[in-house]
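Undergrad: coords below, sequence missing:
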């Protein structure tokens, strides 16, 4: 059973549909025992990092997440709150990934938020057993810079961490559940870890 963490910040409909298409059994939960028993855990996220951290703390979830020794996937803000700090709301985060999340700088010809399809490169994980340098879907104004935990990159316009990994913890800045066949393949690969 897959536990999708419920902390009032997720894009649950799209994620649930993607997991359903893969034939995966999943439950939306903030129950500590249920999360600890799950074979895989997903931390979805849409919205503000400071609010996300406040909600996680309200449910006592950071400590639970840290204890997990099974595959954990943070998506978008779910990945960002697994970093050390976010400029969004000056939020102290969980510190799983060795990165400080920053805001994209407004520049001529560069839109913020970064929204749409971008190519992945520098793929370095079993998560990315797929066609070389595929396109995935992003919606974000904040990003993790390149760091020791980077396992995939993208550009807007500078290179940033499109995915991170530390031990059993994975994070994607992009939304696999909105990235078509490529995203479903990434979710499939995650469920095979």
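TA: Cool, the structure landed. Every value quoted in this text rests on a predicted model; they were computed, and no experiment measured them. Numbering: from 1, shown residues only.
Undergrad: what about the residue most central in space within the chain, distance to residue 90?
TA: Centrality entry for the chain: nearest residue to the mean C-alpha point is residue 75, 2.1 Å, by Cα atoms, centre = their mean. Distance of residue 75 to residue 90, computed by Cβ to Cβ, to the nearest Å: 23 Å. The C-beta positions use only the backbone N, C-alpha and C, and glycine is treated the same way.
Undergrad: Equivalent analysis for residue 144, please.
TA: For residue 144, the distance to residue 90 equals 16 Å [Cβ to Cβ].
Undergrad: And the two? Which one has more around it.
TA: Using other Cβ atoms under 10 Å as the criterion, residue 144 and residue 90 rank with residue 144 on top: 26 against 9.
Undergrad: Just to check, the more buried one is in contact with residue 79?
TA: Yes - with contact taken as Cβ atoms under 8 Å, residue 144 and residue 79 are classed as touching, separated by 7.3 Å.
Undergrad: Name the residues contacting each of the two.
TA: Taking Cβ atoms under 8 Å, 6 or more residues apart in numbering as the contact criterion, the common neighbours of residue 144 and residue 79 are 97, 164, 171, 173.
Undergrad: Now do the same contact list for the first one.
TA: The neighbours of residue 97, taking Cβ under 8 Å, 6+ apart as the test, are 79, 82, 83, 84, 144, 147, 149, 164, 166, 169, 171.
Undergrad: Make sure it is indeed in a strand.
TA: No - secondary structure assignment (DSSP: H, G, I helix; E, B strand; the rest coil) places residue 97 in coil, not in a strand.
Undergrad: tell me the pLDDT at it?
TA: Listed pLDDT for residue 97 reads 98.
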